[in-house]
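1. I'll drop the sequence and a predicted model, then ask my questions.
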Amino acid sequence: QRQMCIRDSVYVDEEALTLEDPQTGETVSSLLLLSYSMTFQRRSVGLAYIYGAGTLKKYRARGYMSQLVREALREASDRGDTFAALIPAGEALRRYYRRFGFATVFYSRPERYTSIHRFPVTGAYTELADNSPTLYGAFERMMAARPCCVQHSRAQFLTLMDDARLSGYGFAAVADAVTGEPAAMVWAAPETASSALRVKELLADTPDAANAALTALQRRLPDRPLTLMTQPSDAWPGGGLIAGGMARIINAESALRAIAENNRSTRLTVRLTDPILPENNGLYTLDHGTLTIADADTGTAKIDLDVTPEVLTSLLFSSAPIAAVTGLPACRPRMTLMLD
């Protein structure tokens with residue numbers, strides 16, 4: 001019954017795209033184009049999340065999914081989304097989605113702790129049930145504080161909580177013992193090949209509250225190593241990053257206008273060539289807070305960056321050192337707790 005509830009809360013007719021075989025009329029390929037929002041350059045922009053893409057086995061390698069992905073990108077553009085995102089199931093699919101302009105931009109850095117590691121707590125906290133009505137307000141507040149992050153509506157939050165219960169995820173939340181307000185929450189999933197827990201998300205008002213949530217998680221699921229999937233930082237040099245989701249720019253004008261207005265010292269011209277969404281083709285000039293758009297083949301313009309959707313998306317969601325080289329302001333994005 002709960003599984004049916006999750007399907008009902010995720011599936012919406014208007015967000016389902018399908019293709020039929022022209023000879024048999026059978027539905028052979030489908031995906032969901034779910035509507036999310038994302039904080040980007042101090043704005044909330046639309047993000048289309050491609051989920052559950054698949055083709056019947058006997059109809060594969062006939063171009064059905066390629067056609068459907070192109071239709072999904074067109075639909076995302078028509079409904080006004082600025083970006084699209086997805087989480088590929090493997091490296092072969094990661095290469096496949098690059099054909100459509102997607103770039104791997106969501107990364108995480110693992111922090112590993114042994115099963116005997118303890119997280120010191122100095123404050124006083126109480127544990128919260130996973131169905132506490134106070135959780136979403138705190139979740140929304142903590143997520144909104146992130147500068148470049150995919151957000152979840154209340155309905156999407158309730159769905160991910162149901163999914164966490166069904167999937168065997170560990171979840172813990174703590175509240176300040178004095179105010180009763182939620183102070184931290186953590187989601188963890190069992191590793192497939194070991195007894196370790198992978199902490200997929202940790203939200204907290206303070207480091208002490210974060211330790212309290214991790215301690216509560218250890219009480220619920222004791223004697224397990226923990227791997228925290230943390231957000232990469234430019235302050236941490238070196239590799240060790242794990243590739244996650246991919247993204248693609250859908251509305252170049254929306255994204256670049258947000259950058260121009262939020263970075264008024266930026267001056268550069270970008271030529272974008274988009275073979276799937278031709279309305280993105282053009283010369284975009286960012287000049288002291290304004291954005292002007294000209295035809296892509298304007299011969300007199302000085303072009304600073306000549307890019308495809310994949311490259312532009314990579315640059316928009318890159319590190320500060322890369323942004324310093326290209327001149328295009330960037331931010332490291334975060335996308336967690338998605339259905340995948």
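-> Perfect, thanks for sending it. Residues are numbered from 1 along each chain as shown.

2. in the stretch 151-300 of the chain, which spans are helices?
-> With DSSP state H, counting those that start in this stretch, the ranges of helices along the stretch 151-300 of the chain come out as 154-167, 207-220, 252-262.

3. in JSON lines: those helices, plus mean neighbour count, distance to residue 233 and mean pLDDT.
-> Bear in mind the C-beta positions are built from the backbone N, C-alpha and C, glycine included. Output for the helices of the stretch 151-300 of the chain, formatted as JSON lines (neighbours: other CB atoms under 10 Å; distance: least, CB to CB, whole Å; pLDDT from 0 to 100):
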{"stretch": "helix 154-167", "mean neighbour count": "16", "distance to residue 233": "25", "mean pLDDT": "90"}
{"stretch": "helix 207-220", "mean neighbour count": "20", "distance to residue 233": "15", "mean pLDDT": "97"}
{"stretch": "helix 252-262", "mean neighbour count": "20", "distance to residue 233": "21", "mean pLDDT": "98"}
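
4. export those helices as JSON lines, with columns for distance to residue 294.
-> Shown next, in JSON lines, are the helices of the stretch 151-300 of the chain (distance: least, CB to CB, whole Å):
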{"stretch": "helix 154-167", "distance to residue 294": "39"}
{"stretch": "helix 207-220", "distance to residue 294": "48"}
{"stretch": "helix 252-262", "distance to residue 294": "12"}
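
5. wait, which of those helices is closest to residue 336?
-> When those are ranked by distance to residue 336, counting by CB to CB, first place goes to helix 154-167 at 9.5 Å.

6. how about the nearest residue to residue 137, chain neighbours excluded?
-> Using CB to CB, 6 or more residues apart in numbering and skipping residues adjacent in sequence, the residue nearest residue 137 is residue 182, 7.7 Å away.

7. what's the burial count for that neighbour?
-> Per other CB atoms under 10 Å, the neighbour tally for residue 182 reads 26.

8. in the sheet, who's paired with the nearest residue to residue 174 once chain neighbours are set aside?
-> For residue 174, the nearest residue in space outside its immediate sequence neighbours is residue 125; the separation is 4.0 Å by CB to CB, 6+ apart. When bridges are assigned using DSSP bridges, the partners listed for residue 125 are residue 176.

9. and residue 125, how far from residue 83?
-> In this structure, residue 125 and residue 83 are separated by 36 Å, where distance is defined by CB to CB, to the nearest Å.

10. do residue 173 as well
-> 30 Å.

11. and what of residue 164?
-> The value you get for residue 164 to residue 83, if CB to CB is used, is 25 Å.

12. and stretch 263-275, end to end?
-> Its start and end residues considered, stretch 263-275 measures 28 Å (CA to CA, to the nearest Å).
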